[in-house]
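Visitor: got a predicted model here, sequence first, then my questions.
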Amino acid sequence: MSIVIYIAVMALTTYLIRVIPFAAVRGKIKSRFINSVLFYIPYAVLSAMTFPAIFFATGDIVTSAVGTVVALVMAFFDLPLIAVALGASGAAFIAELVMGLF
């Protein structure tokens, strides 16, 4: 029975988080500062969820860092997302193989 209560509380929490901004703000937001903050929130949240997962994905922070650096460099040169993902995965794999030799 307690799992049903947990699910109900989380459903209510999720619902309120989504409804309160619509209920609190009736018109268009005119503040440039608030608009700029709201513009960057999705990127900040995505980064906060992604970066910890990146560094603990391989089990070794060094190989994860190698893959991350390769991904950042490839993304800097505007390569396609699939190329960046494959390059980062390949770099982490090769770094794992090299570290296994020592």
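Guide: Received it, and whenever you're ready, just let me know what you need.
Visitor: any idea how many residues pack against S64?
Guide: Per other Cβ atoms under 10 Å, the neighbour tally for S64 reads 21. All C-beta atoms are positioned from the backbone trio N, CA, C, and that covers glycine.
Visitor: same check, this time on L86
Guide: Neighbour tally, L86, other Cβ under 10 Å: 14.
Visitor: for it, which three-state class applies?
Guide: Under DSSP: H, G, I helix; E, B strand; the rest coil, the three-state class of L86 is helix.
Visitor: tell me how far it lies from F55.
Guide: To F55, L86 is 19 Å away according to Cβ to Cβ, to the nearest Å.
Visitor: same thing with A88?
Guide: Counting by Cβ to Cβ, the gap from A88 to F55 is 12 Å.
Visitor: between these two, which one's more packed in?
Guide: A88 (22 against 16).
Visitor: host element of the nearest residue to the more buried one once chain neighbours are set aside?
Guide: Leaving out its chain neighbours, the residue that sits closest to A88 by Cβ to Cβ, 6 or more residues apart in numbering is A71, at 3.7 Å. Assessed by DSSP states H and E, A71 sits inside helix 61-76.
Visitor: what is the burial count for A83?
Guide: When neighbours are defined as other Cβ under 10 Å, A83 has 13 of them.
Visitor: check contacts around it.
Guide: A83 makes contact with M74 under the criterion Cβ atoms under 8 Å, 6 or more residues apart in numbering.
Visitor: could you look up the SS state of it?
Guide: A83, by the three-state scheme (three-state DSSP), is helix.
Visitor: one more: V4?
Guide: Classified using three-state DSSP, V4 is helix.
Visitor: what residues does the helix holding A71 touch?
Guide: 54-58, 83-85, 87-92, 95-96, 99.
Visitor: check which helix or strand covers the nearest residue to I29 once chain neighbours are set aside.
Guide: In space, and not counting its chain neighbours, I29 is closest to N35: 5.8 Å by Cβ to Cβ, 6+ apart. Using DSSP H and E, N35 maps to helix 32-55.
Visitor: which helices and strands sit right next to that helix?
Guide: Judged by 3 or more Cβ pairs under 8 Å, 6 or more residues apart in numbering; DSSP states H and E, the packing partners of helix 32-55 are helix 61-76.
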